[in-house]
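>>> can't give you the sequence, but here's the structure:
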């Protein structure tokens, strides 16, 4: 069975879309055709479901991540898919193909340079 079909079966079993209140994290990625853009659900109109990516950082992560200095740019300009790690770009395109507009990825949604932001 293709991955997309497996996901749709899992989603139908796991969620009752009519009786669910979505609680959003502090930051999400809005999925576009060529880029992702950081949004703050408390400040912007965000509705519908979101997906979360779980992954292993590895011993020496050298991929793009959210820093205090990049927060404004990630919100305004976004991040081109070509600048994302391949796995992040592929997951964002897959999630978008399922009709889900938002994605949470730890390294891009939690400010990595601020120790207290882990609570976000």
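That came in fine, so what should we check first? Just so we're clear, the structure is a prediction, and the values are computed from it rather than from any experiment.
>>> Residue 109 contacts residue 30, correct?
No - using Cβ atoms under 8 Å, residue 109 makes no contact with residue 30, being 11.3 Å away. C-betas here are computed from N, CA, C, even on glycine.
>>> Report the set of residues contacting both of these two.
Jointly contacting residue 109 and residue 30 under the rule Cβ atoms under 8 Å, 6 or more residues apart in numbering are residue 38.
>>> ok, these two, which is more surrounded?
More neighbours surround residue 109 than the other of residue 109 and residue 30, with 22 against 19 (other Cβ atoms under 10 Å).
>>> List the residues that contact the closest residue to that one other than its chain neighbours.
The spatial neighbour of residue 109 that comes closest, neighbours along the chain excluded (Cβ to Cβ, 6 or more residues apart in numbering), is residue 27 at 4.3 Å. Contact partners of residue 27, counting by Cβ under 8 Å, 6+ apart, are 38, 39, 40, 41, 66, 104, 109, 110, 120.
>>> Show me which of those residues is closest to residue 22.
residue 41 (9.0 Å; Cβ to Cβ).
>>> give me phi/psi at the closest one?
The phi/psi pair for residue 41 (degrees, to the nearest 10) reads phi -50, psi -30.
>>> so it makes contact with residue 30?
No - at 10.1 Å, residue 41 does not count as touching residue 30 under the criterion of Cβ under 8 Å.
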